[in-house]
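Novice: Structure for this input, please:
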Amino acid sequence: MEAVGDVALRLDPSGLIQYASQRAQRAFGTQPLAGTVLTTLALDADQAALRNALVDAGTAGDPVLVEVRLRCPGKDTWFELRIAALPGSRELLAVGRDMSAQRATEQRLRHMATHDALTELPNRLLLSDRIRMVIANARRSGQGFCIATIGLDGFKKVNDGLGHPVGDAVLRQAASRLRKTLRDSDTLARVGGDEFVGVLPGTFTPDQIKLVSGRLLAALQAPFEVDGHTVYLGASVGVSIYPDHAEDEIRLIALADAAMGRAKETGKGRTVVYSVRESGPPQHDISLEAAMFQAVREGEFLLYYQPIVSSRTRRIEGFETLMRWKHPTLGMVPPVRFIPIAETNGLINLLGAWALKAALVQLGQFEEVAKRDLYISVNISPRQFRNDRFLDVLDDALAFSGAPGDKLVLEITEGTLMIDPVHAEAILTKMAERRARIAIDDFGTGYSSLAYLKRFPISVLKIDRAFIKDLPASTKDAAICNAVLDLAKHLDLSVVAEGVETEEQLTYVESRGCDYIQGYLTGKPMPAHVAMAALKENLYTELLPDELRAGLT
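Specialist: Residues are numbered from 1 along each chain as shown. The predicted structure is shown next:
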């Protein structure tokens, strides 16, 4: 008995200690253990489990294991007791092992798994669990709550300028300040980088949110003193409310994060409560992204064509190619939803290469129906333009279709050109060598740097619909259009007015020397077979006054 375990005890069937090893005696103090009932040494919460184990050991043939906390001098210690009946006797033998070190290790590992190592705050795993608990309580009580995402403003300058050790110290101070600002019933977690999330039960009215978020912002406005450095930061806060905005923890966090992003975009140092109207659709819809890859495999993407019409003759001179996605259950997915996702994940390169090749092939069919020369205009996204294989894609499309380069107009936004003007100049020059014409799309809404009109080989300006929709009544829009048309005339550039929807708009831009128009007045985006029908029937020429139409024949 002296050689086994940290504790060795011989017991009668009732649990009365008959004999204790010297190690057991030292573990439990100087008071003799013999004559003591073992269950009285256990904490109250563990006595029932120990009592049951003694009963089971007396009746079962195999040893019984039980973990209990026993009272030792100065502390309560976890022991694993193996209790078995002695052969040929009604007595029991209990051999115990001190589990305090193992329990401490397990507790430390659990803490590491659920807490942030730097700040000791709950991490994302524990945060989700806490939010689910608060949701369950809110459903029972009918009382809402809010999630507040707190992001430090300008924290990157600390790491970049002073180093990560100083940055870590700032984060620890920020965590301490925020924790002191909140109630004991609130949860504060660090979810990565300089971002914290607060779960605030019972806080859901505008006044409550304003009060708490004001305290959070104030806590981070005071300077941080670290290793002789004084650092000023501040914070932005985004708030989502249960159940107004969402009813699950993932969505609540995502919307609060979106609101915080909105706060940073609109000036920082402020609180923004999530709003569908202000925040718009999610920036990146994962389920929609997955559907896009499936759509590529299933051939769900289509090309539509919008006529570009001569303002003088109203005859179709070309088409702008527009991508559409016809989903089997969602129907026609707006480009504003799927193009940004394709631009982010790189799928735009694949779709853009297909669109360029298919549009040039379609141009041949259009010309066959029209019995005259036409051109096709294709939009080039920023990611396509920066791709080092773009010129190869262009060459492949021209070779595959057999179309000459001068039948192709490539539409590029001002912003795309100004990301890297040196690269843009090199690529545009090589595109011009292939005789492809370059059009600046949405002219006047981006950088509007007149320098690039001189620097780059540009052939066409497209006046954005924003300057057309209020013509001819708007004197400011009229002044802008007149200036663009005058500039284009002196630089020998063609001009396309986008968004022309009324006869008055067409008459105005045509009288000011605009070459081409594009808009719902002369045709919405349409499938290829509808576009061919319009060409065959000379549809838009039929809209001309009789005397002008007679002059075209």
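Novice: what's in contact with whichever strand or helix holds R190?
Specialist: Assigned by DSSP states H and E, R190 falls within strand 187-192. Under the contact criterion CB atoms under 8 Å, 6 or more residues apart in numbering, strand 187-192 has outside partners 116, 118-119, 121-124, 126-127, 130-131, 134, 171, 175, 178-179, 182, 196-199, 253. For every residue, glycine as well, the C-beta is placed using N, CA and C.
Novice: Buried residues in that strand, which are they?
Specialist: Across strand 187-192, burial judged by 16 or more other CB atoms under 10 Å covers 187-191.
Novice: just checking, what packs against the helix or strand following that strand?
Specialist: Next helix or strand after strand 187-192 toward the C-terminus (DSSP H and E): strand 195-201. Here strand 195-201 touches helix 124-141, strand 145-152, helix 164-181, strand 187-192, helix 249-265, going by 3 or more CB pairs under 8 Å, 6 or more residues apart in numbering; DSSP states H and E.
Novice: how far away is M418 from A424?
Specialist: 8 Å (CB to CB, to the nearest Å).
Novice: With L162 instead?
Specialist: L162 is 37 Å from A424, by CB to CB.
Novice: who has more neighbours, these two?
Specialist: Using other CB atoms under 10 Å as the criterion, L162 and A424 rank with A424 on top: 19 against 16.
Novice: Leaving out sequence neighbours, find the closest residue to that one.
Specialist: L417 (4.5 Å; CB to CB, 6 or more residues apart in numbering).
Novice: Equivalent analysis for L54, please.
Specialist: G15 (4.8 Å).
Novice: one step back: show me whatever sits in contact with both of M418 and A424.
Specialist: By CB under 8 Å, 6+ apart, the residues touching both M418 and A424 are Y452.
Novice: ok, residues contacting the helix or strand hosting R23?
Specialist: Using DSSP H and E, R23 sits in helix 22-28. Identification of contacts with helix 22-28 by CB under 8 Å, 6+ apart yields 2, 5-9, 20, 32-33, 41, 70-73, 77, 96, 98.
Novice: rewinding a little: what about the residue nearest to A424, helix or strand, and which?
Specialist: If you go by DSSP H and E, L417 is part of helix 414-419.
Novice: Would you tell me which helix is longest in this protein?
Specialist: Longest helix of the chain, by residue count under DSSP state H: helix 347-370.
Novice: State the mean pLDDT of that helix.
Specialist: Mean per-residue pLDDT for helix 347-370: 94.
Novice: Equivalent analysis for stretch 163-174, please.
Specialist: 94.
Novice: about what we covered before: my guess is the residue nearest to L54 contacts T39. True?
Specialist: Yes. Using CB atoms under 8 Å, G15 is in contact with T39, at 5.5 Å.
Novice: and these two? which has more neighbours close in?
Specialist: Under the criterion of other CB under 10 Å, the comparison of G15 against T39 puts G15 first, with 23 against 18.
Novice: Looking at the more buried one now. What's its pLDDT?
Specialist: Confidence score, pLDDT, at G15: 89.
Novice: if I look at it, how far off is A531?
Specialist: 93 Å.
Novice: follow-up on the earlier one: take the helices and strands packed on strand 195-201 and write them to JSON lines, including distance to L394.
Specialist: Formatted as JSON lines, those follow (distance: least, CB to CB, whole Å):
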{"stretch": "helix 124-141", "distance to L394": "45"}
{"stretch": "strand 145-152", "distance to L394": "42"}
{"stretch": "helix 164-181", "distance to L394": "45"}
{"stretch": "strand 187-192", "distance to L394": "41"}
{"stretch": "helix 249-265", "distance to L394": "35"}
